[in-house]
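Student: here is my input, please return the structure:
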Amino acid sequence: CEQIIQHLNCKIPGVNTTELCQRIQTSGIEINTGDLAKIVNIVSFLFSTAARNKLSTEELVATLGSAVSVLPKHAVHVIRHVWNEQGKSISVSEDARNTATVGQFVDIKWKLGVAMSSDTCRSLKYPYVTVTLKVADPSGQITDKSFEMTIPQFKNFFRQFKEMAAVLETV
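Tutor: Model prediction:
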C-alpha cells in the first residue's frame, strides 16, 4: 500500500511486483507475481479513485464494506491505516493523470557476450550485446524487457542515442 501511495505521488516509478513477491514469499506467504500484480492494480485504482473523489478514511472504509464483502478484515484495516496516514498526500492533478499513459524508464543493464560454439557450428566466435530495460508501465508494475543485438545493430542503436542526445542539447 505504501509503495502504491509513493507511485501515485510520482515519488517512485512503480511497484516492483517481482521483488515484492519474493519478499512476501520469503515471509512464508504463498502468492505468485501475476496475482500480486492484480492486487497492486486494484489497490492503486482504489486509492486513486478515493483521492479523485476526496474520500475521508471513514467514507473509503464504508464504501469498501458495502462493495466488497469478501475482503478480509485485516486487509481493510491496512487500507484504512495507510489511507488515514498518507491518503491526503496523493496528488490528483490533471497533468499527472495525462502523462501517466506511457511507461517510464527505470534502469538499463547490458553485457557483452561471445557465442563460442553451438551444436551446428564448432567455431562461432560471434559477439553480441544483451540489453535489459527495467520499465514501469502506467499502472506502476515494473517489468524487465531483454533483447540481444549484433554488433552492427548495437552500433546503429548507439548512433540513434547520440542523435537523441544532440537534439536534447538544443532544447
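Student: what's the first helix or strand after the helix or strand bottoming out on mean pLDDT in the chain?
Tutor: Each helix and strand of the chain was given a mean pLDDT (mean pLDDT, DSSP states H and E); the minimum falls on helix 94-99 at a mean of 46. Where DSSP states H and E defines the elements, the next helix or strand beyond helix 94-99 is strand 104-115.
Student: remind me what that next one packs against, helices and strands.
Tutor: Helices and strands touching strand 104-115, by 3 or more Cβ pairs under 8 Å, 6 or more residues apart in numbering; DSSP states H and E, are strand 126-136. To be clear about C-beta, it is placed using only N, CA and C from the backbone, and glycine gets the same treatment.
Student: residue ranges in this protein under the pLDDT threshold?
Tutor: Within the chain, the ranges that satisfy pLDDT under 70 run 66-69, 91-102, 138-139.
Student: and for it, the residue most distant from the center?
Tutor: Taking Cα atoms, centre = their mean, the residue of the chain most remote from its mean C-alpha position is Arg122, at 41.7 Å.
Student: ok, how many other residues are close to Ser44?
Tutor: Neighbour count for Ser44, taken as other Cβ atoms under 10 Å: 21.
Student: how far does the helix or strand where it lies sit from its chain's centre?
Tutor: Ser44 is part of helix 33-52, with elements assigned from DSSP H and E. Distance, stretch centre to chain centre, for helix 33-52: 12 Å (Cα atoms, centre = their mean, to the nearest Å).
Student: which parts of that helix are buried?
Tutor: For helix 33-52, the neighbour count (16 or more other Cβ atoms under 10 Å) marks Thr33, Leu36, Ala37, Val40, Asn41, Val43, Ser44, Leu46, Phe47, Ser48, Ala50, Ala51 as buried.
Student: domains for the protein, by residue range?
Tutor: 1-99, 104-169 (the TED database).
Student: next structured bit after the helix holding Ser44?
Tutor: Heading C-terminal from helix 33-52 (DSSP H and E), you reach helix 57-67.
Student: that next one to helix 33-52, inter-axis angle?
Tutor: Counting by axes from the mean of the first three to the mean of the last three Cα atoms, to 10 degrees, helix 57-67 lies at 130 degrees to helix 33-52.
Student: after helix 57-67 comes which helix or strand?
Tutor: The C-terminal neighbour of helix 57-67 among helices and strands, as given by DSSP H and E, is helix 73-86.
Student: return the list of helices and strands in contact with that next one.
Tutor: Helix 73-86 packs on helix 2-8, helix 33-52, helix 57-67, going by 3+ Cβ pairs under 8 Å, 6+ apart.
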